[in-house]
Structure formats: structure tokens, C-alpha cells
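Asker: generate a structure from the sequence data that follows.
(one chain, ligands or ions: 1)
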Amino acid sequence: MNNPVLVINCGSSSIKYALVPAAPDQPRLAGLAERLGGVDARLTGVDGSGGEFSCPLHGADHAEAMAAILERLEGQHPVAVGHRIVHGGERFTRATRIDAPVKRAIEATVALAPLHNPANLAGVEATLSLFPDLPQVAVFDTAFHQTLPPRAYRYALPEGLYRNHGIRRYGFHGSSHAHVSARLDALGGRSHGGWLIAHLGNGCSTCAVWQGQSVDTSMGLTPLEGLVMGTRSGDVDPGLHAHLARQLGWSIERIDTLLNKESGLLGLSGLSNDMRRLEQAAAEHHAGAELAIEVFCYRIAKSLAALSCALPRLDGIAFTGGIGENASAVRARVVEQLPHFGLRLAAEANASTVGGREGRIDLDAGGPQLWVIPTDEEGRIAEETRQLLQEHHHDAT
Ligand code: ADP
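Answerer: Numbers count the residues shown, from 1 in each chain. Predicted coordinates for the structure are as follows:
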């Protein structure tokens, strides 16, 4: 059980991997195979001596990329493989050992996540063929949110769509929100408290956690609902689809591309989906970049205020993800737009808590706490995988 867990996050054209040791302070071998299927496919990462490497994969598919990753991990003996699976529907409320019926159940949720689940399954297949004897565990992005009450997960739509087709809010980024909420309970001195978490990366979502359980979240049936994201619109009037179809003759596919790939920070700024780039441009008074950041921050504040309704008590707010962990100006702007919450931001601590640092950024003046907690989805997936194996081990003995 002291051996590392291999964590695999398989996307449609990429595989992220990390070999997570049992001791949290030990270094991880990690990397990314990207642009799979293309001539410029590449594997980059960190090797055993901490050195960075980058090598071409020449049009490799998922299975070939996985073989190249395993070559890099030669001599390592993972105790299990933990797979990030995006959608677990209502069936999966926690990490689950992958066997044939579980694989079929993941396949059955493909309709709910047509872009993600097939890629995740390709990762499972590729790993199974290379590591047939290792336990494989599925850790679902949706599982942490299965504690949402009906008032938070139901849409105001006819019941048959929920009963027969699973149309409801599921929520995503579960491993990140679970990790951050566990850290908050450990660090905040208010275990079993009420927390709001803003995960701000390329994808963005908020989550309300009460006594360690997710009670509401901003993403819904798909990871498109809620906040403004890198290229995703987040909430729009649901009437927009019919309007674009009628007025511009747009197909569903065209509208889907618009909302997922051409909107968000990119669409608003007309410049970039990357917050670093937008902050530079806004400093030079680029109007689109300024507006994109303003809308982005306002919508986060609005979402946090809305989600506070799910909590009997608010102990604090935490920021995580590439933007949440680094963009101190974004955090300051979000806090500024929640004046009635009694938040007191510590300007210096806010400015210096960047670059993967964990820390408290409020003045400790009796109001809700403010935290920056670096996310660790791989660490959480490894932890849940290890925990499940231990339970199986105890059951068997
Ligand atoms: P993903 O959701 O793909 O895992 P990340 O969590 O890495 O993405 O977040 C990517 C976002 O974080 C990008 O918008 C990037 O510009 C932003 N980001 C990273 N570092 C900084 C920084 N120092 N200042 C502002 N934004 C940053």
C-alpha cells in the first residue's frame, strides 16, 4: 500500500498522468501527452531525477501514447490506477473499482458527456491492456455533488425529462471541490463548516459545501452552466438557442460550438481565453480585455452570493484553479463585489499568496475567512483510489 498510485486523466486528444506517492511530500512523476492523433503529438513531463523531458509521439493514438508513458514509468510499481471519469450520472456517488458492469455503466452515461466519457473510457481500455493485473478505479467529477438536494439539482422542467432522461444538474470539478473543502475543514479551524469555493481555471465553477458535503454548485447537466470561463459562455438566456436558430438559421452544432469554444473570456475580449494575457492587455487599456475581466469577476461574485443561500452559516470563501491561485487582482475584485458579506481582504497577504501557495488572505476581523487553496485533483484521485483499495482489502480479510 506504500507504492504510488498512477492517476490518468484522459481527454479527447490528450492524456495527463501523475504517479502519486503515498507520502504527500514526495515528488511526483507527471506529464502530458497532447495533440494525440496529430503529426505533432508530444509527450512532455518530469522524470525521476526532476528533469523535464519532451519527446515527439509522431501521430500516436491513446494506446500508443499510454505505452510511451509506461516506458517513462519503467521500474515504478504502482499499486493501482485511478482514472478521472467526467460523468458518473446518478449511479456513481463515490470512487468505484472498474469491472465489466462498471464499464458498461460508464458507457451508458456517454449520452450525458459525449465529448468526455468516451475519451475517459479509451484511457481505461489502454491502461487495462498494459496493466491487466492492476486494480483500476474510476473517480467521477460528478460524484462529490451527488449530495445536492433536489431543490438544487432539479431544473424547472417536466418531471419526465428527469425520470426518463436524467435531465438534472450534476455539477463537475468534484475532485477539486472535495480536496479544497477537506483542506478548509483542516485549516480553517471550523470543521464541518459552511464554505463557498470558486474553482477558476479554464473551466470555472463555484460550490457550496456544508459539513463536508456539496449542497449546491454552479455547473449543471453539462460543464457549460454557470460562470464565465475561458471559452465557455456560462449562463445565457435559454431562449438564445431558439433565437439564433430562428433569426440566423444556426444549427444546434453551430450554437454548441459558439457557447463552448468561442465565448467566455475569449468571446468577450475578442483577444484571448488566457487570464494572464487579458491582465496584460487590460493594463494597456484594451477595452475588450477590461470588459471580459469585469464580467468574469462580477459573475463569480453573483454566483457566490446565490450559492450562499444553500448554507446555514458562511465560514469562508476559498479560491482555487490557475486563476484563483494566481490572479490576486481577480480575487480582490470578487471580494469587493460582495460588500454585504462582511469580508475583510488582507491586501498584502492577497498579493503574496500566488504561485501555488496556500494561505489565508483575510484580516481575521471576525467575518468570514478568505483562503487561497491550491487544487490537487490528482492527489484527491489517488487518495480516493487508495482508500477504496484499503476498504476492499479489509472486506477481504
Ligand atoms: P485548467 O482548467 O485547464 O486546468 P488552469 O487551472 O491551469 O486550467 O487555469 C488556467 C488559467 O489560469 C488561464 O486563464 C491562465 O491564464 C490562468 N493563470 C495561470 N497563471 C496565472 C497568473 N499568474 N495570473 C493570472 N492568471 C493566471
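
Asker: tell me which element the residue in the chain that the ligand sits nearest to is part of?
Answerer: Nearest to the ligand in the chain, going by C-beta to the nearest ligand atom, is residue 322, at a distance of 2.1 Å. Where you see a C-beta, it was placed from the backbone N, CA and C, and this is true even at glycine. When elements are assigned from DSSP states H and E, residue 322 belongs to helix 321-326.

Asker: packing partners for that helix?
Answerer: Contact partners of helix 321-326 among helices and strands, from 3 or more C-beta pairs under 8 Å, 6 or more residues apart in numbering; DSSP states H and E: strand 194-200, helix 328-336.

Asker: residues contacting it, please?
Answerer: Contacts with helix 321-326, where a contact means C-beta atoms under 8 Å, 6 or more residues apart in numbering, come from 176, 198-202, 204, 275, 319, 330-331, 354-357, 372, 374-375.

Asker: so what's the residue count around the residue lying closest to residue 97 once chain neighbours are set aside?
Answerer: On the basis of C-beta to C-beta, 6 or more residues apart in numbering, the spatially nearest residue to residue 97 that is not a chain neighbour turns out to be residue 137, at 5.7 Å. The criterion is other C-beta atoms under 10 Å. On that basis, residue 137 has 26 neighbouring residues.

Asker: with residue 28 instead?
Answerer: As a burial measure, residue 28 scores 18 neighbours (other C-beta under 10 Å).

Asker: show the contacting residues for it.
Answerer: Taking C-beta under 8 Å, 6+ apart as the definition of contact, the neighbours of residue 28 are 18-21, 46, 378.

Asker: what residues does the stretch 151-300 of the chain have near the ligand?
Answerer: Within the stretch 151-300 of the chain, the positions lying close to the ligand (C-beta under 6 Å from any ligand atom) are 201-203, 230, 274-276, 279.

Asker: so how do I select the buried members of the residues you listed in ChimeraX?
Answerer: When burial is assessed using 16 or more other C-beta atoms under 10 Å, the buried subset of these is captured in ChimeraX by this command:
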select :201,202,203,230,274,275,279
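
Asker: could you find the lowest-pLDDT member of the residues of the stretch 151-300 of the chain next to the ligand?
Answerer: Ranked by pLDDT, these bottom out at residue 202, which scores 92.

Asker: doesn't the residue nearest to residue 97 fall inside a helix?
Answerer: No: going by DSSP: H, G, I helix; E, B strand; the rest coil, the assignment for residue 137 is strand, not a helix.

Asker: wait, it sits on residue 82?
Answerer: Yes: because the distance of 5.0 Å satisfies C-beta atoms under 8 Å, residue 137 is recorded as touching residue 82.

Asker: for this structure, what spans make up the strands?
Answerer: Applying DSSP state E to the chain gives strands spanning 5-10, 15-20, 29-34, 42-46, 52-56, 80-85, 96-97, 136-140, 194-200, 204-210, 213-217, 316-320, 359-360, 369-372.

Asker: want to throw the ones you listed into JSON lines with distance to residue 127 and mean pLDDT?
Answerer: Conversion of the strands of the chain to JSON lines gives the following (distance: least, C-beta to C-beta, whole Å; pLDDT from 0 to 100):
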{"stretch": "strand 5-10", "distance to residue 127": "6", "mean pLDDT": "95"}
{"stretch": "strand 15-20", "distance to residue 127": "10", "mean pLDDT": "95"}
{"stretch": "strand 29-34", "distance to residue 127": "13", "mean pLDDT": "94"}
{"stretch": "strand 42-46", "distance to residue 127": "16", "mean pLDDT": "95"}
{"stretch": "strand 52-56", "distance to residue 127": "20", "mean pLDDT": "94"}
{"stretch": "strand 80-85", "distance to residue 127": "5", "mean pLDDT": "96"}
{"stretch": "strand 96-97", "distance to residue 127": "14", "mean pLDDT": "96"}
{"stretch": "strand 136-140", "distance to residue 127": "6", "mean pLDDT": "97"}
{"stretch": "strand 194-200", "distance to residue 127": "26", "mean pLDDT": "98"}
{"stretch": "strand 204-210", "distance to residue 127": "27", "mean pLDDT": "98"}
{"stretch": "strand 213-217", "distance to residue 127": "28", "mean pLDDT": "98"}
{"stretch": "strand 316-320", "distance to residue 127": "28", "mean pLDDT": "98"}
{"stretch": "strand 359-360", "distance to residue 127": "36", "mean pLDDT": "97"}
{"stretch": "strand 369-372", "distance to residue 127": "34", "mean pLDDT": "97"}
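
Asker: doesn't residue 105 make contact with residue 91?
Answerer: Yes: distance between residue 91 and residue 105: 5.6 Å, which falls inside the contact criterion (C-beta under 8 Å).

Asker: quick one: low-confidence ranges for the stretch 251-397 of the chain?
Answerer: The stretch 251-397 of the chain contains residues with pLDDT under 70 at 396-397.

Asker: contacting residues for the residue positioned nearest the centre of the chain?
Answerer: Most central in the chain under C-alpha atoms, centre = their mean is residue 173, positioned 3.1 Å from the mean C-alpha point. Contacts for residue 173 were tallied using C-beta under 8 Å, 6+ apart; they are 141, 199, 203, 205, 207, 217, 219.
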